[in-house]
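A.B. asks: got a sequence here, can you model it:
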Amino acid sequence: MSLAKDPMNVIITGVGGQGNVMASRVLAGMLVNAGYIVTIGETFGMSQRGGSVMIICVYHPLPF
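C.D. replies: Sure, this is the predicted structure:
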C-alpha cells in the first residue's frame, strides 16, 4: 500500500493545563472525519499544570 502524498506535520506546544492535548485530539478527530490517516505523539515535560507539553500530529490522505 503506497500513500497518495507526503505526510504533513502540525506541532502544538505550550504549557500543561491550557488545552494543548484537547486541541490535538479535536484536530485529529476533524482530520479523520475529513478522510486522513492521523498519528499523534505527545510529550509531557512535567505531569502537572504549568509543565511543558509538545504534541506532534502527522497526517496524510488515505491511499486511493
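A.B. asks: what residues are bridge-paired with C57?
C.D. replies: V10, I40 (DSSP bridges).
A.B. asks: so how far is G50 from it?
C.D. replies: C57 sits 23 Å away from G50, taking C-beta to C-beta, to the nearest Å as the criterion. Bear in mind the C-beta positions are built from the backbone N, C-alpha and C, glycine included.
A.B. asks: name the residue in those two with the higher neighbour count.
C.D. replies: C57 (20 against 11; other C-beta atoms under 10 Å).
A.B. asks: from what I can see that one touches L27, true?
C.D. replies: Yes. The criterion here is C-beta atoms under 8 Å, and C57 meets it with L27 at 5.9 Å.
A.B. asks: find residues that contact each of these two.
C.D. replies: Any residue near both C57 and L27 by C-beta atoms under 8 Å, 6 or more residues apart in numbering counts here, and that gives V10, I12.
A.B. asks: A23 belongs to a strand?
C.D. replies: No. Counting by DSSP: H, G, I helix; E, B strand; the rest coil, A23 falls outside a strand, being helix.
A.B. asks: what strand or helix carries the closest residue to it other than its chain neighbours?
C.D. replies: The shortest distance from A23 to any residue that is not its chain neighbour, by C-beta to C-beta, 6 or more residues apart in numbering, is 5.8 Å, and that residue is I12. Counting by DSSP states H and E, the element that carries I12 is strand 8-15.
A.B. asks: what does that strand rub up against?
C.D. replies: Counting by C-beta under 8 Å, 6+ apart, 20, 23-24, 27, 49-60 sit against strand 8-15.
A.B. asks: try 7 Å
C.D. replies: The contact list for strand 8-15, computed with C-beta atoms under 7 Å, 6 or more residues apart in numbering, reads 20, 23-24, 27, 50-60.
A.B. asks: can you pull out the low-pLDDT segments for the chain?
C.D. replies: Low-confidence segments of the chain, defined by pLDDT under 70: 1-4, 44-48, 64.
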